[in-house]
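Asks: Please find the sequence and the predicted model below.
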Amino acid sequence: MSLRKKTTNTEKRIAASRANGKRSHGPATAAGRSRIREANTRHGFYSQAEAVALACLGEDPGELESLRTDLYADMQPPSAVEKELAEHLLQVLWRWKRAGRMQEGYALRLAKDANLTRDDRLHAQMMRLRITADTLRQLAQSVAREHYITTATDLAMMKRLHLEGAVKEMGEIALALFYRLEERGETDEDGLPIDEEERARLVVAQVKSIFGIGMSNDREPEGGGASGSGGEQTGAAEAEAKAPPSRFSPAEAQARERARQLLQNILTRQVELCEAQRQAILKDSLAGPSPYERAAEVALAHPETALMQRMEESSFRQIWRITTLLVKMKHQARQEESR
């Protein structure tokens, strides 16, 4: 038994309802009618939820409707089954395009991020190259001094460049030459401190074998016959003025000079390479990214990249199957008509 009292329609109530119904005409403006259409979601067939969903996704409902019109004009589905297949084909085509936009949208986001950081990245590279070139230039000027002996400061600077990888393969050779030009203390036959790593020993041996800067085994002439001529005495005085420090024999000084010149050439060449790389980066910075550089920057690295690609491939396979089915149905309908 219902607890709600049933209302009785009297003549007065019926007349009032009819009068109110005449005054209600629904939304009078275009905006009002649009709101009513979008709010009508009681039934999927009559609602405008599709347009609302497309607007939320940033897609154009008018573009979908245009695609529907073109598809129906092309397929001209006569039966209800073909109309349903055509409508399903429309949805699959739209999802196919959406999967492509997903990948392109993510690539666009990567490109924007790369644009924001590209100038800073290139500027940092140029700054590092400038600092490396200045350090190498300072070392080259130090090594250019005659009878150069490696200092602790120069050795520390070269070690830092080598550890940072700033001079790449030449770093090992240059470091070995700096060791070679150290003042002779407790060293082995290669001229290295005894407590250095075995790897550095091998590098020095390799440098000696390649460039021929090993110590000469020639003995010094014993008691070289001195001449009493004035010209020879003048030449001896000049030679003594240019002579290396007394702690190095002439043969050892000659070997050290060859190593010094080689080290100076290596450092000067590395300065030139750093400047050339810096100019190339500056040129790239002013010219902007090339298509190949941009393609590398926007390469898909999203964890769902494979899923987006599978979505696109799945939609394409559905398009192919539905289109094939519609073509077969049309072909069968023509055959029946021709009988």
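Replies: The structure has been received and is ready for your questions.
Asks: mind saving the C-alpha coords of whatever helix or strand L163 lives in as PDB?
Replies: When elements are assigned from DSSP states H and E, L163 belongs to helix 152-164. In PDB, the C-alpha atoms belonging to helix 152-164 read as follows (Å, rounded to 0.1, in the frame of the first residue of the first chain):
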ATOM      1  CA  ALA A 152     103.400  20.500 -10.000                       C
ATOM      2  CA  THR A 153     100.800  23.000 -11.200                       C
ATOM      3  CA  ASP A 154     101.200  22.100 -14.800                       C
ATOM      4  CA  LEU A 155     101.000  18.400 -14.100                       C
ATOM      5  CA  ALA A 156      97.800  18.900 -12.000                       C
ATOM      6  CA  MET A 157      96.200  20.900 -14.800                       C
ATOM      7  CA  MET A 158      97.000  18.200 -17.400                       C
ATOM      8  CA  LYS A 159      95.700  15.500 -15.100                       C
ATOM      9  CA  ARG A 160      92.400  17.400 -14.700                       C
ATOM     10  CA  LEU A 161      92.000  17.800 -18.400                       C
ATOM     11  CA  HIS A 162      92.800  14.100 -18.900                       C
ATOM     12  CA  LEU A 163      90.300  13.000 -16.300                       C
ATOM     13  CA  GLU A 164      87.600  15.200 -17.800                       C
END
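Asks: Quick check: mean pLDDT of stretch 76-88?
Replies: If you average the pLDDT over stretch 76-88, you get 83.
Asks: if we can go back for a sec, name the residues of the helix or strand following the helix holding L163 that are buried.
Replies: Next helix or strand after helix 152-164 toward the C-terminus (DSSP H and E): helix 169-180. By neighbour count on 16 or more other CB atoms under 10 Å, the buried set for helix 169-180 is M170, G171, E172, I173, A174, L175, A176, L177, F178, Y179, R180. Where you see a C-beta, it was placed from the backbone N, CA and C, and this is true even at glycine.
Asks: same question, stretch 313-330
Replies: Buried residues in stretch 313-330 (16+ other CB under 10 Å): S315, Q318, I322, L326, M329.
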